[in-house]
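*Asks:* Give the three-dimensional model of this entry:
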Amino acid sequence: METDRIIQLVRWKEGDTDETRYSDFELVEALNEALRYVGICLANRQSDIVEHAASYTDAQADYETRGAPLPEDFTAIKGVYREGNHYRLHAASDDHVDEDTFRLFGGRIYAKGTFCLHYYGRIPPAAQGGEVALPDTFLDALVKVTRMVLNNSDVDTMTQAVAQEVDSVIPRRKWNNARPKLPFYV
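*Replies:* Below you'll find the predicted structure:
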């Protein structure tokens with residue numbers, strides 16, 4: 001979805017088609033703030049849109065004692081899996097990690113051996129003339145939230161509005177091709 005298209009729709013909704021009320025910089029910054037709100041909401045809803053994976057496969061690295069840095073766009077964890085057999089590792093509550101556990105501490109991940117981190121990341125910021133890393137189904141939601149940012153809405157109102165907009169899009173996208181399991185077998 002193009003950034004310029006979102007900006008054009010925001011200008012139209014705000015009655016600023018002559019580009020005198022808001023500069024392009026203000027609109028892009030408002031859009032980026034809206035993207036941060038939507039991204040956090042998507043991560044909290046465990047949406048596949050912001051799901052990413054990072055592999056830590058250097059067999060010589062000492063991930064158990066030194067750890068490895070978390071990805072720059074890390075927001076929340078989905079799971080950690082051992083490389084090779086894809087066994088799901090469990091979070092450790094103490095300082096020691098073994099073959100079946102991992103630990104997050106100080107922006108680093110600690111685990112024994114090589115592993116793959118599945119996580120929810122952030123949405124990259126928008127730039128003038130660039131692309132927004134969301135499907136077109138989020139167009140109206142982004143326009144609405146960007147307008148709320150521009151009009152300095154209350155934070156609680158903003159949070160509720162973002163949650164409502166995201167909730168209206170996620171079920172349509174995530175479960176549209178799901179088939180219910182039948183209670184019998186033929």
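*Asks:* and the residue nearest to residue 127 when sequence neighbours are not counted, what does it touch?
*Replies:* Excluding its sequence neighbours, the residue lying closest to residue 127 (C-beta to C-beta, 6 or more residues apart in numbering) is residue 3, at 6.5 Å. All C-beta spots, glycine's among them, are computed from the backbone N, C-alpha and C. Neighbour list for residue 3: 28, 31, 126-132 [criterion: C-beta atoms under 8 Å, 6 or more residues apart in numbering].
*Asks:* Let me know the distance separating residue 3 from residue 183.
*Replies:* Residue 3 sits at a distance of 48 Å from residue 183 (criterion: C-beta to C-beta, to the nearest Å).
*Asks:* State which strand of this structure is the longest.
*Replies:* What stands out as the longest strand in the chain, according to DSSP state E, is strand 74-82.
*Asks:* all helices in this protein, in order from the N-terminus.
*Replies:* In the chain, the segments counted as helices under DSSP state H are 3-14, 24-44, 139-150, 155-174.
*Asks:* Just send those helices back as TSV, with distance to residue 79 too.
*Replies:* Compiled in TSV, the helices of the chain are given as follows (distance: least, C-beta to C-beta, whole Å):
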stretch	distance to residue 79
helix 3-14	32
helix 24-44	14
helix 139-150	28
helix 155-174	18
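*Asks:* Mean pLDDT lowest where, among the ones you listed?
*Replies:* Mean pLDDT per stretch puts helix 155-174 lowest among the helices of the chain, at a mean of 73.
*Asks:* So what touches it?
*Replies:* 34, 37-38, 41-42, 45, 47-49, 135, 137-138, 140-141, 144-145, 148-149, 153.
*Asks:* ok, 7 Å please
*Replies:* Defining contact as C-beta atoms under 7 Å, 6 or more residues apart in numbering, one finds that helix 155-174 is touched by 37-38, 41-42, 45, 47-48, 137-138, 141, 144-145, 148.
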